[in-house]
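*Asks:* Kindly generate the corresponding structure for this input.
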Amino acid sequence: MLSLVLLSLLAAGAQAEPFVGTERCIDCHQAEHSLWRDSHHDLAMQAPAEATVLGDFNGATFNHRGATTTFSRDGDNFIVRTAGEDGSLQDFPVRYVFGVEPLQQYLLPLSRGRLQAFDIAWDTRPAEAGGQRWFHLNPEEVSDHSDPLHWTGPYMNWNTRCAECHSTNLEKRHDADSRSFDTRFSEVDVGCEACHGPGERHLQLVQEDRAGAEPNSGFPTALAQRGDWVFSEQAAIAQRTAPLKSNAQIDGCGRCHSRRGNLGTYHYGKPLLDTHRLALPEEPLYYHDGQIRDEVFVHGSFIQSRMHQAGVVCSNCHEPHSLQLRAPGNGVCAQCHKAEVYAQPEHHHHAPDSAGADCANCHMPATTYMVVDPRRDHSMRIPRPDLSVVMGVPNACNQCHTDRDAQWALDATRAWGVRFSATADHPARALQQLAAGNRSAVPRLQDLVRNSDAAPVMRATALAAIGRAGEQPPTDVLVGLLQGSDPLLRLGAVQSLEGVPLGRRYQILQPLITDSVTSVRMAVAEALAPVPLAQLNEGAEPLRTLFAEYVAIQGQHADMPGVQLQLGLFLLNRGDLPAAERAYREALHLNPQLLPGRLNLADLLRSMQRDDEAREQLQAALAAAPDSGAALHAMGLLETRTGNREQGLALLQRAAELEQQGVRHRYVYAIALHDSGEPRAALSQLQAVQRATPGDPGVLLALVNYSEELGEMERALHWARELLQTAPENPAYQALQRRLARGGAR
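*Replies:* Here you go, the predicted model:
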């Protein structure tokens, strides 16, 4: 039955119109083709040849951790001799070159149809800029061939990780049974149809002289949302003459210029969230204030910006065919921000023509990835050294003035007369505090959710954070968000319900089981996975269909360790333990160092009374990550449950000492101390947790109980009052406080 569902879903995802190729576009679009030619899209991927291979293949060598790689020629072939999957030196022919500036990578073949992005790249910058050399992309992270980040590992696989965005009309064609690929594409590079969609219908209309007779001239999506911008009287910033009515262009670019995961076949013209699961601006990819941290490819930053909210689209700043800026220097900003107001020392407080007078340096600071590739943060924010002082996040001032600290930058801006508002109450601080386990931050995040002027992506981030913490979403706006038109807010609202009891969660989410956007449906499937279908009677079929769709979509990406891990958790919540175990083991086959996979599998095995197997998994986890608090905590629990109390307590203590986010490990260690006959030590541990991250109900309830147990009634009453403040309407907390206030009689 499931295979039929899968086949039907795959068939439905296929493009209805065939691709015709870039060459068919040139006659009518010569100007656009001329701009595109030799752009980064045109050169995204090429066959190896004398003109396309930029690296030194004349016997050059590169040494990394004792292993020497040699780059040579064999006639017309370019050969890389390096350590393969088993660590032995082998010759690999270059199948394709990848990119041109500021670096070029090379795709090397492995068995089962795999192409791998080699992790020693060529620096294409001029020699005087430090280029014209071989360098390792992950010099500190990759040890040897056993590392999943090694070029032969799953995270350097072109078929899954790179191909969709470097070629046109990609078909991954992965076979899960043989773990092999038969990947194909229409064009090797990013051609016209990669952005506009299949062009056969458009050509047909042109030939029939009816190109204007259909919306978008026969293309599945319209990308021309640049709009007209004017300066109203006395205004220093231009505004659109008509509101932006479509996110088609931003979503089209975001397909590749975002941090995301695939959800099946791409559908041109559909919302980005319909075929991709977007990463929200959260740690570890972003800082808590939304600044870029890991490589996130622009989109997630840009949709945070006031520019996005004002209706700016990618092509307002970038010419979409050449990909170049619309104007040099500050000219691109001056399109909408009057230079006589903003390009002045009174605004930027730097000498004219200095680095500090460049708009992008202050509002779009760059972070370098892949060793040599600087990427600008597109959230276009005001530098906030005040947040750097109190939170430790970066700021543009110190990214330029590297010899000074954040306090110096804050003092300098104050000397200019700048006064930052809401330093203490900034939403970023609330996100940081809640991530650390401080639940007193929840009301401020609920306020962010209610703020309709805030960027939807930040509201969705707040919703997701509330859900992960097990807190309740703001009920006064929840229904409106779930029924609203913005799929990102619907997605965040679904994720916020993690702490809501399952029955109530099902009632709330039932209308979204058939949501029009795939990301939202997948989040609903995960939220409702524990629902017992047998108890729903006639209401079970829509949910059964959704669950089948979820498994089918995950199956299309069975080559990805993270997807297998996600599938395992879903199947576990469905109660299918054998299938969950298979998914976890497949994840570990793909990446033996996937720590969450080890921990999840160990927990599953323990729940099945297979303690010895669980211990083996945890020992493997600790061998790979000896300082993992999560692995130490899990092993400590296992040893405690199996009678090795002293060893278990030592492991739990170490996990508690390592904990920096949340309170679970410290809380459990305190409970273990109490159960080991050390109530005073337990109380001391809990008080330390409460001071560091106040407001956790479990910690406060334990403080009440342990204080009362030791006869410290005033302290117990104090903690009961603190507990009641976390949930003033909770009848159990109210009764507890009343009892203690009366003298403590049970």
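
*Asks:* what about the nearest residue to residue 424 once chain neighbours are set aside, is that helix, strand or coil?
*Replies:* Of all residues not flanking residue 424 in the chain, residue 390 sits nearest, at 7.7 Å (C-beta to C-beta, 6 or more residues apart in numbering). The way it works is simple: take the backbone N, C-alpha and C, and place the C-beta from them, glycine included. Under DSSP: H, G, I helix; E, B strand; the rest coil, residue 390 falls in the helix class.

*Asks:* In contact with residue 390, which residues are there?
*Replies:* 423, 424, 429 (C-beta atoms under 8 Å, 6 or more residues apart in numbering).

*Asks:* Which one (most neighbours) among these?
*Replies:* residue 429 (21 neighbours; other C-beta atoms under 10 Å).

*Asks:* Quick check on it: phi, psi?
*Replies:* Note on residue 429: its backbone torsions stand at phi -70, psi -40 [degrees, to the nearest 10].

*Asks:* Please name whichever of the contacts of residue 390 scores lowest on pLDDT.
*Replies:* Within the contacts of residue 390, residue 424 has the lowest pLDDT, namely 92.

*Asks:* Relative to residue 524, how far out is it?
*Replies:* Distance, residue 424 to residue 524, using C-beta to C-beta, to the nearest Å: 37 Å.

*Asks:* contacting residues around the residue nearest to the spatial centre of the chain?
*Replies:* Centroid-nearest residue in the chain, with C-alpha atoms, centre = their mean: residue 279, separated by 3.0 Å. Contacts for residue 279 (C-beta under 8 Å, 6+ apart) come out as 258, 259, 260, 261, 285, 296, 300.

*Asks:* Same question for residue 681.
*Replies:* By C-beta under 8 Å, 6+ apart, residue 681 lies in contact with residue 673.

*Asks:* you'd agree it is in a helix?
*Replies:* Yes - judged by three-state DSSP, residue 681 forms part of a helix.

*Asks:* low pLDDT regions in the chain?
*Replies:* Counting by pLDDT under 70, the low-confidence segments of the chain come to 1-16, 744-746.

*Asks:* May I see the domains of it written out as residue ranges?
*Replies:* The chain breaks down into these domains under automatic domain parsing: 43-189, 235-384.

*Asks:* I'd like these as JSON lines, with distance to residue 460 appended.
*Replies:* JSON lines is the format used below for the domains of the chain (distance: least, C-beta to C-beta, whole Å):
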{"stretch": "domain 43-189", "distance to residue 460": "24"}
{"stretch": "domain 235-384", "distance to residue 460": "6"}
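
*Asks:* For residue 623, find the nearest of those domains.
*Replies:* Smallest distance to residue 623 across the domains of the chain (C-beta to C-beta): 12.0 Å, for domain 43-189.

*Asks:* tell me which residues of the biggest helix by length in the chain are tucked away?
*Replies:* If you go by DSSP state H, the chain has its longest helix at helix 540-555. Buried positions in helix 540-555, judged by neighbour count with 16 or more other C-beta atoms under 10 Å: 543, 546, 547, 548, 549, 550, 551, 552, 553, 554, 555.

*Asks:* of the residues you listed, closest to residue 155?
*Replies:* Using C-beta to C-beta, the buried residues of helix 540-555 come closest to residue 155 at residue 554, 18.3 Å.

*Asks:* For that closest one, list the residues it contacts.
*Replies:* Counting by C-beta under 8 Å, 6+ apart, residue 554 touches 563, 564, 566, 567, 570.

*Asks:* Am I right that the last one is in contact with residue 529?
*Replies:* Same thing as residue 570. Yes - the criterion here is C-beta atoms under 8 Å, and residue 570 meets it with residue 529 at 5.2 Å.

*Asks:* Compare these two (neighbour count), which wins?
*Replies:* residue 570 (22 against 19).

*Asks:* and that one, what helix or strand is that in?
*Replies:* Per DSSP states H and E, residue 570 falls inside helix 561-574.

*Asks:* Tell me how far that helix lies from the chain's centre.
*Replies:* Here helix 561-574 is found 18 Å from its chain centre; the criterion is C-alpha atoms, centre = their mean, to the nearest Å.

*Asks:* Can you name the secondary structure element that comes next after that helix?
*Replies:* Of the helices and strands lying after helix 561-574 in sequence (DSSP H and E), the nearest is helix 577-590.

*Asks:* quick one: buried residues of that following helix?
*Replies:* 579, 580, 581, 583, 584, 586, 587, 588, 590.

*Asks:* quick one, that helix and helix 540-555 angle?
*Replies:* Interaxial angle, helix 577-590 versus helix 540-555 (axes from the mean of the first three to the mean of the last three C-alpha atoms, to 10 degrees): 20 degrees.

*Asks:* Helix 577-590: what's the following helix or strand?
*Replies:* Next along from helix 577-590, by DSSP H and E: helix 595-607.

*Asks:* now for that next one, which elements pack on it?
*Replies:* helix 561-574, helix 577-590, helix 611-624, helix 629-641 (3 or more C-beta pairs under 8 Å, 6 or more residues apart in numbering; DSSP states H and E).

*Asks:* CSV please, covering the ones you listed and showing distance to residue 739.
*Replies:* Below are the helices and strands packed on helix 595-607 laid out as CSV (distance: least, C-beta to C-beta, whole Å):
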stretch, distance to residue 739
helix 561-574, 37
helix 577-590, 42
helix 611-624, 40
helix 629-641, 32
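
*Asks:* who wins for proximity to residue 513 among those helices?
*Replies:* Of those, nearest to residue 513 by C-beta to C-beta is helix 561-574, at 15.1 Å.

*Asks:* Is residue 296 in contact with residue 283, as I believe?
*Replies:* No - checked against C-beta under 8 Å, the pair residue 296 and residue 283 is beyond contact range at 11.8 Å.

*Asks:* out of these two, which sits in the busier spot?
*Replies:* Shown here are residue 296 and residue 283; by other C-beta under 10 Å, residue 296 has more neighbours (22 against 13).

*Asks:* check contacts around the more buried one.
*Replies:* Residue 296 is in contact with 258, 259, 279, 281, 285, 286, counting by C-beta under 8 Å, 6+ apart.

*Asks:* from the chain's centre, how far out does stretch 542-552 sit?
*Replies:* Distance of stretch 542-552 from its chain centroid, counting by C-alpha atoms, centre = their mean, is 24 Å.

*Asks:* from now on call the first residue 20
*Replies:* In the new count, where the first residue is 20, that last one comes out as stretch 561-571.

*Asks:* Convert it to PDB, retaining C-alpha atoms only.
*Replies:* Written as PDB, here are the backbone C-alpha positions of stretch 561-571 (Å, rounded to 0.1, in the frame of the first residue of the first chain):
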ATOM      1  CA  PRO A 561      -6.800  12.000   6.400                       C
ATOM      2  CA  LEU A 562      -4.100  11.500   9.100                       C
ATOM      3  CA  ARG A 563      -3.200   8.100   7.700                       C
ATOM      4  CA  THR A 564      -2.700   9.700   4.300                       C
ATOM      5  CA  LEU A 565      -0.600  12.400   5.800                       C
ATOM      6  CA  PHE A 566       1.600   9.900   7.600                       C
ATOM      7  CA  ALA A 567       2.100   8.000   4.300                       C
ATOM      8  CA  GLU A 568       3.100  11.200   2.500                       C
ATOM      9  CA  TYR A 569       5.600  12.000   5.300                       C
ATOM     10  CA  VAL A 570       7.300   8.600   5.000                       C
ATOM     11  CA  ALA A 571       7.200   8.800   1.200                       C
END
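
*Asks:* Quick check: closest non-adjacent residue to residue 81.
*Replies:* In this structure, residue 81 finds its nearest non-sequential neighbour in residue 153, 4.3 Å apart by C-beta to C-beta, 6+ apart.

*Asks:* So the one you found is in contact with residue 140, correct?
*Replies:* Yes - contact criterion C-beta under 8 Å: residue 153 and residue 140 qualify, at 7.3 Å.
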